[in-house]
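Novice: This is a predicted model, with the sequence first.
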Amino acid sequence: MYNQGIPAMPMRATSYDDMRMTANTDTGPGGAPTFPWLPFVQALLAVLTVAVIAVAAAPQVLKLTGRQLVVVSGNSMGAAIPNGSGVIAQPRPAESLSTGDVILFTAQWARTDGQPTNVAHRLQLIAPSTRGLLGYTAGDANVLADPEPVVLGEEQPVVVSVIPYLGFVYSSAPNIAQEVALVSLLLAGCAVLMRSRASSVAGKQQQASEAVA
């Protein structure tokens, strides 16, 4: 009789070093798993943290230069100062002002929760009076002029820069700061766990290597 058997398959012995190499294909030194995206996330969180601190510190820093940062609400200035924008104002002598300048002043006629409101409107006319120079103002998008003139101070704040929508950033800053802090804590916890796992894996591999030797 002729017996046709199944051809024998060649067998290859797998050494401990081969298994170790295969197991470590997707791991870093010490056997710890690698996360190539982790440095990017940490860098992004660092940038966000610096940005939040910068936004929070900006008003105080500007005060040191004699300027002030104020968030303006409303649409009275139209596209020149969109609703929620931040304006940077720099004091200038009243005598140096001219029509067309946008000044920052506290308006008794515009109150929020019973308190006078900071208003940034454009000068339409400057006239002398017994009280000093009077500035007649209006919003670019308003049909009517403001109801009362402004007594221009010796150093009248004049808008020199507009930062659109800065007010919305300020209103969101506390939530952003909390989220950044939470994610930072989570990443720090992951880093501790990764180091602990790396040490554990390295220790087990060292023990196995010594046992094989």
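Specialist: Yep, it's here. Quick caveat, the model's predicted, so the values are computed rather than measured.

Novice: any low-confidence regions in this structure?
Specialist: The chain contains residues with pLDDT under 70 at 1-38, 41-42, 48-49, 51-59, 170-213.

Novice: Quick one: the strands in it, in order.
Specialist: Counting by DSSP state E, the chain has strands at residues 68-71, 86-93, 102-112, 115-127, 134-138, 150-151, 155-163.

Novice: looking at the ones you listed, which is closest to M77?
Specialist: M77 lies closest to strand 115-127 among the strands of the chain, at 6.5 Å (C-beta to C-beta). Where C-beta positions appear, they are placed from N, C-alpha and C, glycine not excepted.

Novice: returning to that earlier point: can the strands of the chain go into a markdown table with extra columns for mean neighbour count and distance to G78?
Specialist: Formatted as a markdown table, the strands of the chain follow (neighbours: other C-beta atoms under 10 Å; distance: least, C-beta to C-beta, whole Å):
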| stretch | mean neighbour count | distance to G78 |
| --- | --- | --- |
| strand 68-71 | 18 | 17 |
| strand 86-93 | 19 | 14 |
| strand 102-112 | 15 | 12 |
| strand 115-127 | 17 | 10 |
| strand 134-138 | 20 | 11 |
| strand 150-151 | 18 | 20 |
| strand 155-163 | 17 | 12 |
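
Novice: between those strands, which gets nearest to F40?
Specialist: Going by C-beta to C-beta, the one of the strands of the chain nearest F40 is strand 155-163, 28.2 Å.

Novice: can you pull the alpha-carbon coordinates of that closest one into CSV?
Specialist: The C-alpha coordinates for strand 155-163 follow below in CSV (Å, rounded to 0.1, in the frame of the first residue of the first chain):
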residue,chain,number,x,y,z
GLU,A,155,-6.0,113.8,30.0
GLN,A,156,-8.9,112.3,28.0
PRO,A,157,-8.7,108.6,27.1
VAL,A,158,-8.7,108.1,23.4
VAL,A,159,-9.2,104.8,21.7
VAL,A,160,-6.0,103.7,19.9
SER,A,161,-6.7,100.0,19.3
VAL,A,162,-9.7,97.7,19.0
ILE,A,163,-9.5,94.0,19.7
